[in-house]
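# Got a predicted structure here, sequence first:
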Amino acid sequence: MRKFATILTPAIAVLGMAALTPVPAMAAAHDRDAPRYSKQVDDRGSLRSDIAQLDNRIDRAERNRSISRKEANALRRDTGDLQRLYRNYARNGLNRQEVATLSKKIDRIEWSLRSEQRDRDRHRG
């Protein structure tokens, strides 16, 4: 029991000290007073390049005949709407809500492309 206490006591002390140590970098990340982001919005790669990759994937899928021309045109229309929305949002910088909206729309179009490739009926929807 004594050996267990000699190991456990310092471990609890270290964990307690770590929990009480202030972390200013984390506090700055949750600043709600900063309403707008600069142009470098997301660190995982820019939203603009994600949208461009969508266009390339749609072109490739049509070339490979995994989707029909009609399906590709509908997906391109969705991607064009997304590009216009991005330009509209990015005009004054992007806020968190706008980034989330754009990311959801990118995910939805990617999902639509995957489902169109898998359905093999060559019809939209």
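Arrived safely, thanks for sending.

# contacts, neighbours, all on C-alpha from now
Fine.

# Distance of residue 114 relative to residue 54?
Going from residue 114 to residue 54 by C-alpha to C-alpha, to the nearest Å gives 11 Å.

# Between the two ends of stretch 80-100, what distance do you get?
18 Å.

# Could you do stretch 60-73 as well?
Counting by C-alpha to C-alpha, you get 13 Å between the two ends of stretch 60-73.

# and that stretch, average pLDDT?
The pLDDT scores in stretch 60-73 average 93.

# buried stuff in it?
Neighbour-count burial for stretch 60-73, with 16 or more other C-alpha atoms under 10 Å as criterion, is recorded at 61-62, 66-69, 71-73.

# Name the pair among these with the greatest separation in space.
66 and 73 (13.5 Å; C-alpha to C-alpha).

# Could you list the low-pLDDT ranges of this protein?
In the predicted model of the chain, residues 1-45, 120-125 satisfy pLDDT under 70.

# For the helix ranked longest in it, name the packing helices and strands.
Using DSSP state H, we find that the single longest helix of the chain is helix 96-119. Packing partners of helix 96-119 (3 or more C-alpha pairs under 8 Å, 6 or more residues apart in numbering; DSSP states H and E): helix 47-63, helix 69-90.
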